[in-house]
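Colleague: sequence? don't have it. structure:
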């Protein structure tokens, strides 16, 4: 099997996704600012949570696994968290998804969370509610959204604690659409980076962010939406190498975009 083999490329991409998910899982605990007691509390929270991995599957990790990943990340960064391509397999259960779709079609008013609970009771396992929501949208089974939540304001305690970012669709100039990438310091509201470009991809984003990191120092965290550039693996890898925590806004929740807020 050569490097040009499509299956080899797919395995490499899955391995990269797995490494990125591992980093996102442990990034809070990897902060050098935490004391031993604080890190222990964060690790316990990680172990107690079930999250969707890079392939949409619900997963929980044990404390020894989290500790092993932390040691690997400290020793070798993101590369040390990325498994060998042959060790990564996609785990899907089409029968569960078919059962979920049938439950939704039977009662369209059912929410993804309600379907998840039914599956847990009847089948003993279920994908996360977010995974089910995505599945329902693909099948055009998504029902009316829940009533919008009430939000309260939030502000970072210090400069460079948190940068928020967004991409603005700008005017059409000479027949081509323009896009503005902007990073704002959440505490001071100072514009840390801003750049107009001809595309909405990672190249334009990196052209905006790179000089900001050189001139303004490295933030503790960046908060971004789920646009293609902000979800690009290159951005996640760069943040992992620099020790920047990256947080994405909740999909399909526009009020959260650009300014992290707390639900009241």
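Modeller: Now that the structure is in, tell me what you want to look at. Quick caveat: nothing in here was measured; it's all calculated off a predicted structure.
Colleague: so where is the stretch 101-250 of the chain shaky, pLDDT-wise?
Modeller: 124, 143-154, 250 (pLDDT under 70).
Colleague: please, which helix or strand holds residue 71?
Modeller: Here residue 71 sits within helix 63-81, counting by DSSP states H and E.
Colleague: actually residue 131, sorry about that
Modeller: Judged by DSSP H and E, residue 131 forms part of helix 129-138.
Colleague: please identify the buried residues of that helix?
Modeller: Of all the residues in helix 129-138, those buried under the rule 16 or more other CB atoms under 10 Å are 129, 130, 131, 132, 133, 134, 135, 136. In this view, the C-beta of every residue, glycine as well, is placed from N, C-alpha and C.
Colleague: who touches the last one in this structure?
Modeller: If I follow you right, that is residue 136. 100, 101, 104, 112, 142, 143 (CB atoms under 8 Å, 6 or more residues apart in numbering).
Colleague: tally of neighbours for residue 211?
Modeller: Residues within reach of residue 211, counting by other CB atoms under 10 Å, total 13.
Colleague: tell me the contacts of it?
Modeller: With contact taken as CB under 8 Å, 6+ apart, residue 211 is in contact with residue 193.
Colleague: any of the contacts of residue 136 buried? List them.
Modeller: Of all the contacts of residue 136 considered here, the ones buried according to neighbour count by 16+ other CB under 10 Å are 100, 101, 104, 112, 142.
Colleague: surely the fourth one meets residue 137?
Modeller: No. In this structure residue 112 lies outside contact range of residue 137 using CB atoms under 8 Å: 9.9 Å.
Colleague: residue 14 against residue 85, yeah?
Modeller: Yes. Residue 14 is within contact range of residue 85, at 7.1 Å (criterion: CB under 8 Å).
Colleague: strands of the stretch 151-264 of the chain, start to end?
Modeller: Counting by DSSP state E, counting those that start in this stretch, the stretch 151-264 of the chain has strands at residues 151-152, 162-173, 176-185, 191-197, 221-224, 245-248, 262-263.
Colleague: what's in contact with the longest one?
Modeller: Read that as strand 162-173. 156, 177-187, 192, 196, 200, 205, 219-225, 227, 229-230, 257-260.
Colleague: buried members of these into PyMOL, please.
Modeller: One line in PyMOL is enough to select the buried ones among the contacts of strand 162-173; burial here means 16+ other CB under 10 Å:
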select buried, resi 156+178+179+181+182+183+184+185+186+192+200+205+219+221+222+223+224+225+227+229+230+257+258+259+260
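Colleague: sorry, back to before: save the contacts of residue 136 as a markdown table, and put in secondary structure and distance to residue 212 too.
Modeller: Rendered in a markdown table, the data for the contacts of residue 136 read as follows (DSSP: H, G, I helix; E, B strand; the rest coil; distance: CB to CB, whole Å):
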| residue | secondary structure | distance to residue 212 |
| --- | --- | --- |
| 100 | helix | 43 |
| 101 | helix | 45 |
| 104 | helix | 44 |
| 112 | helix | 38 |
| 142 | coil | 38 |
| 143 | coil | 42 |
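Colleague: chain center to stretch 57-65: distance?
Modeller: Stretch 57-65 has its C-alpha centroid displaced from the chain centroid by 17 Å (CA atoms, centre = their mean, to the nearest Å).
Colleague: ends of it, what's the gap?
Modeller: The first and final residues of stretch 57-65 sit 18 Å from each other (CA to CA, to the nearest Å).
Colleague: try stretch 192-202
Modeller: Across stretch 192-202, the terminal residues are separated by 18 Å (CA to CA).
Colleague: for it, the distance to its chain's centre please.
Modeller: Relative to its chain's centre, stretch 192-202 lies at 20 Å (CA atoms, centre = their mean).
Colleague: cool, stretch 46-65 as well?
Modeller: The gap between the average C-alpha position of stretch 46-65 and the chain average comes to 14 Å, counting by CA atoms, centre = their mean.
Colleague: what does that stretch contact?
Modeller: The set of residues external to stretch 46-65 that reach it, using CB under 8 Å, 6+ apart, is 14, 17-18, 20-21, 25-26, 28-29, 43-44, 66, 69, 90-92, 126-128, 130-131, 134.
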